[in-house]
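Student: got a predicted structure here, sequence first:
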Protein chains: 4
Amino acid sequence: MTNNMDPIGKRLWAIAGGNIPLETNGIEPAFTSRDTISILNVNDRDARLKLSVYFENEEPIEPYHIVVKAERVCRIWFNDLIDPLPLNLNKPFSCVIRSDIPVVVQFSRMDTSSASTAITGTIAFDAD
Amino acid sequence: MTNNMDPIGKRLWAIAGGNIPLETNGIEPAFTSRDTISILNVNDRDARLKLSVYFENEEPIEPYHIVVKAERVCRIWFNDLIDPLPLNLNKPFSCVIRSDIPVVVQFSRMDTSSASTAITGTIAFDAD
Amino acid sequence: MTNNMDPIGKRLWAIAGGNIPLETNGIEPAFTSRDTISILNVNDRDARLKLSVYFENEEPIEPYHIVVKAERVCRIWFNDLIDPLPLNLNKPFSCVIRSDIPVVVQFSRMDTSSASTAITGTIAFDAD
Amino acid sequence: MTNNMDPIGKRLWAIAGGNIPLETNGIEPAFTSRDTISILNVNDRDARLKLSVYFENEEPIEPYHIVVKAERVCRIWFNDLIDPLPLNLNKPFSCVIRSDIPVVVQFSRMDTSSASTAITGTIAFDAD
């Protein structure tokens, strides 16, 4: 049982620079090119999240419903979102993450479109 | 139609570590070395932005005018800016982004100057 | 003796996107795939830290006790944590860092699972 | 002349995860492995900075004096610092940046110790 007396995180986050790389080299899923967000919920109850995804020239898609269990981590591959709609590869997107309780969100990309792996990441923007 | 009751983002952002890599390997534009900013506007009206670009030994260049449509994402390649002036490759720069309404800004670089791709990125500095 | 009149940092930090890559290529330890946090303590007394590590489908593990000496840096390899338990490779995790005095925390990954090195990093989330 | 009515940035910054990679592959200086900070000064007067560098097992070194001219960018290679002392390669360090007026600081690393380039970076921690 963890000491979660302090609330940790925020309820509103955003990332602006999403773009799932088109090509993959190497064994899947280990080397699948991907954009992900990792969500930490240290609370003693489940967090209910709603993701909204924005594009350059199309209407936003929402809501993607995510539950992050109490005292657990959830890693979302944007590649794998299907409801309400899957995302296209190689298409710039942004994502707003709304949670009913505080969570911490970190963005990561693995890009294996060239011979070797490239990775990047950043703590998401705390928009609270 | 998205739920944009919460204002998301800030009106003043900066990145300090810009530098478009000189060389490119691989098919263009997929592998073109680039510095970019991605801008998310969740508001129900267009955001009007003004970019100012700073250098080590020269006067700043401004304004670069950008419009990010309501509920849309805009990805700016610094490589492609032309008005008032294009930027040189391989030359350190910083950029200040001013918006009339709140937006979220994320910086990214793809560097293909060696055989394989390298990527980096960070949420920009919220200077509000 | 440094000028540490200003408190620098926070007492509560988090990273959400941990995942020690499974494979390593190249001479160890220089090229060992790793997730790390670097902790700066500018205070004139030691900082006592407690790390809690969270997972997708298991109970959190805690506490990992860390001491960062006065006016010193400490780099923690998640690969090397053993007490109370070592972490598995290739398993998503998050980490909450609690310190009794202000510190600065930065996350880094080196991933050598493909032929060439990939690196990423971000200032951790300041959860104070 | 830029519109610098808004103060942009902070006077106290830190990065925790410095470490200049030991090896370099490729033509120098384009591919020299390096740790850098980029500093943006949008003010209409010069910024005077003092850097303090911290280590794992040694006394901090300070001050490194830096001037960032008015409305200019300055990129500091930690590899090139010499006064009061040069830094060793392959040695973890942190850096506190104090400025007399607000600036924006971004950290970057290029690591060419394996066959291909790897890059990472993050906006520094705003410690104000």
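Tutor: Looks like it arrived, so ask away. Residues are numbered from 1 along each chain as shown, chains lettered A, B, ... in the order given.

Student: let me see the ranges of the helices in chain A.
Tutor: Counting by DSSP state H, chain A forms no helices at all.

Student: residues from it in reach of chain B?
Tutor: When proximity is defined as CB under 8 Å from any CB of the partner chain, chain A approaches chain B at A:12, A:14-19, A:22, A:52, A:54-57, A:59-60, A:62, A:92-94, A:96, A:109, A:111, A:113-116, A:118-125, A:127. Any C-beta I mention is one placed from the backbone N, CA and C, and that applies to glycine too.

Student: emit the PyMOL select command for whichever of those residues are buried.
Tutor: Applied in PyMOL, the following selects the buried portion of those according to 16 or more other CB atoms under 10 Å in any protein chain shown:
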select buried, chain A and resi 12+14+15+16+17+18+19+52+54+55+60+62+92+93+94+96+109+111+113+114+115+116+118+119+120+121+122+123+124+125+127
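
Student: endpoints of stretch A:35-46, how far apart?
Tutor: One end of stretch A:35-46 to the other measures 24 Å (CA to CA, to the nearest Å).

Student: before we move on, what about stretch A:105-124?
Tutor: Stretch A:105-124 has an end-to-end distance of 6 Å (CA to CA).

Student: does any part of it sit near chain D?
Tutor: Yes: using CB under 8 Å from any CB, stretch A:105-124 reaches chain D at A:115, A:116, A:118, A:120, A:122.

Student: ok, so of those residues, who is nearest residue A:41?
Tutor: When the residues of stretch A:105-124 next to chain D are compared for distance to residue A:41 (CB to CB), residue A:122 wins out at 19.6 Å.

Student: bridged to the closest one, which residues?
Tutor: residue A:107 (DSSP bridges).

Student: check residue A:40 too.
Tutor: Under DSSP bridges, the beta-bridge partners of residue A:40 are residue A:73, residue A:104.

Student: ok, how many other residues are close to it?
Tutor: 30 (other CB atoms under 10 Å in any protein chain shown).

Student: now for residue A:111: which residues touch it?
Tutor: A:21, A:33, A:117, A:118, A:119, A:120, B:117, B:119 (CB atoms under 8 Å, 6 or more residues apart in numbering or on different chains).

Student: phi, psi of the residue in chain A that chain D sits nearest to?
Tutor: Nearest to chain D, among the residues of chain A, is residue A:116, at 5.4 Å (CB to the nearest CB). The phi and psi values for residue A:116, taken as degrees, to the nearest 10, are phi -120, psi 160.

Student: what average pLDDT does stretch A:66-80 get?
Tutor: Throughout stretch A:66-80, pLDDT has a mean value of 98.

Student: shaky segments in chain A?
Tutor: Applying pLDDT under 70 to chain A flags the ranges A:1-6.

Student: spatially central residue for chain A, please.
Tutor: Centroid-nearest residue in chain A: residue A:37, 2.5 Å away (criterion: CA atoms, centre = their mean).

Student: nearest residue to that residue other than its sequence neighbours?
Tutor: Leaving aside its chain neighbours, residue A:37 sits nearest to residue A:76 (5.1 Å; criterion: CB to CB, 6 or more residues apart in numbering or on different chains).

Student: thinking again about what came up before, out of the residues of stretch A:105-124 next to chain D, the closest to chain C would be?
Tutor: Relative to chain C, and with distances defined as CB to the nearest CB, the nearest of the residues of stretch A:105-124 next to chain D is residue A:116, at 3.8 Å.

Student: among the residues of chain A next to chain B, name the ones in strands.
Tutor: Judged by DSSP state E, the residues of chain A next to chain B include A:12, A:14-18, A:52, A:54-55, A:62, A:93-94, A:96, A:109, A:111, A:118-123, A:125 as members of strands.

Student: for chain A, what lies in contact range of chain D?
Tutor: Going by CB under 8 Å from any CB, the residues of chain A near chain D are A:115, A:116, A:118, A:120, A:122.

Student: tell me what the third one is bridged to.
Tutor: Each beta-bridge partner of residue A:118 is listed here, defined by DSSP bridges: residue A:111.

Student: tabulate the residues of stretch A:105-124 next to chain D (a markdown table), appending distance to residue C:48.
Tutor: As requested, the residues of stretch A:105-124 next to chain D are exported to a markdown table (distance: CB to CB, whole Å):
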| residue | distance to residue C:48 |
| --- | --- |
| A:115 | 45 |
| A:116 | 40 |
| A:118 | 37 |
| A:120 | 33 |
| A:122 | 29 |
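
Student: identify the farthest-apart pair in those residues.
Tutor: A:115 and A:122 (24.8 Å).

Student: one step back: correct me, but the residue nearest to residue A:37 touches residue A:36?
Tutor: Yes: when contacts are counted by CB atoms under 8 Å, residue A:76 is listed as touching residue A:36 (6.1 Å).

Student: what do those two both touch?
Tutor: By CB under 8 Å, 6+ apart, residue A:76 and residue A:36 have no common neighbours.

Student: what is the neighbour count of the residue nearest to residue A:128 when sequence neighbours are not counted?
Tutor: Counting by CB to CB, 6+ apart, residue A:128 lies nearest to residue A:10, which is 4.0 Å off, once chain neighbours are set aside. Neighbour count for residue A:10, taken as other CB under 10 Å: 20.
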